[in-house]
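Visitor: Just to be clear, the model below is a prediction. Sequence and coordinates:
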Amino acid sequence: MKPIYIVRLDDACPTFCRSKWLKLEKILKQFDVVPIIAVVPSNLDPLLRQDKHWPRFWNWIKERQDIDGWIIAVHGYNHVAENANVGILGINKKSEFSGIEKSEKIKKISKAIKIFQRHGLNTDFFVAPYHSFDFQTLKVLRSLDFKFVSDGPGSSTFSLFGLNFVPQQLWKHKTYSSGVWTICLHPNAMLETEINKLEDILRDNSQFFLKSKTQIENLNFEKKYLKLLCSFIAMRLKRNFIKVTAYLRDYSKFQ
C-alpha cells in the first residue's frame, strides 16, 4: 500500500491567527487535500488568543466541513491543563483529561459536543489536547459515540476500546514507502517559511495526502493488542532516552 499522509491542524478557535489559517486553507484547497481540524470548543488558553475574536469562525468551520469535506475534530473542551499527568503516550507533562475524575471527563466532553451541535456540527473524531489521555478517557469517548481518535504510535491504524486510532507521529513531512502518517501542525505558531514549505511539499506529493474522510473509514482497524503494547512501550522508552541524553549533554557542559 502506498503511504497516506494526513495534515492535522491543531488549536482552531475564534481567536486563532486568522491570516495563517486562511492561507493554509487556500493551499490545502489548491491541492485538494482534506485535513483534520482540531477545534477547541470553548477556549480558555491565553496562548491561543492570537487575534481578535472572529464572529464568522463557526460559520467558517461548518463551511469547511460541509463544502470541502474537511474532518472537524473535538479538541478537548477549553484547552486548559488540569494537571501534569502525561497520559498513555507520555509526550507532554500536562493534560486536560488524564487523571481527572470520570464524571468531570463526561461533563467536559458532553459540553464540547453541545457546542458543536449548537453550531450545526457533528463529528465522531477526537483529538486530545497536549496528546494526553488515559484509558478511562477512551472509554468515555466511546460511551459518547466517538469513533476515531487522532493520536498514537505505529505506522498503521488500530482499534482500542472500540475506538479507531489514526496514528499521529510526525511534526514535519518525512518520506515513507507505506503506512499512515499524520503530520501535526500548529498554524498559530507557524512561520511564513514553514507554511511555504508545506505548499512546496504538497506541490510535489499531493497524490499521497488524504483526499476524503472515506479513505480513513475504509482503512483496516485491527485489534493488535500485543503489537500495540510494544509500540507504546517503545515510544515511552525512546522519549525517556532522548530526555536522559539531553540531560547528560547539558550536564557535561558544566564539567
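Guide: Structure received. The model shown is predicted, which means the values in this text are computed figures rather than measured ones.

Visitor: Secondary structure of Ile72: a helix, I assume?
Guide: No. Ile72 is assigned strand when assessed by DSSP: H, G, I helix; E, B strand; the rest coil, not a helix.

Visitor: got a list of what it touches?
Guide: For Ile72, the contact set (Cβ atoms under 8 Å, 6 or more residues apart in numbering) comprises 37, 39, 61, 64-65, 116, 121, 123, 125. Using the backbone N, CA and C atoms, a C-beta is placed for each residue, glycine as well.

Visitor: got it, and Pro187?
Guide: 9-11, 16-17, 20-21, 24, 195.

Visitor: thinking again about what came up before, could you dump the contacts of Ile72 to a markdown table with secondary structure and neighbour count?
Guide: Conversion of the contacts of Ile72 to a markdown table gives the following (DSSP: H, G, I helix; E, B strand; the rest coil; neighbours: other Cβ atoms under 10 Å):
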| residue | secondary structure | neighbour count |
| --- | --- | --- |
| Ile37 | strand | 26 |
| Val39 | strand | 28 |
| Ile61 | helix | 21 |
| Arg64 | helix | 20 |
| Gln65 | helix | 18 |
| Phe116 | helix | 20 |
| Leu121 | coil | 18 |
| Thr123 | coil | 19 |
| Phe125 | strand | 22 |
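
Visitor: Reformat those residues as TSV; add pLDDT.
Guide: Output for the contacts of Ile72, formatted as TSV (pLDDT from 0 to 100):
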residue	pLDDT
Ile37	98
Val39	98
Ile61	98
Arg64	98
Gln65	98
Phe116	98
Leu121	98
Thr123	98
Phe125	98
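
Visitor: Just the closest of those residues to Phe135, please.
Guide: Using Cβ to Cβ, Phe125 is the member of the contacts of Ile72 that sits closest to Phe135, with 19.0 Å.

Visitor: I appreciate the help and will end here.
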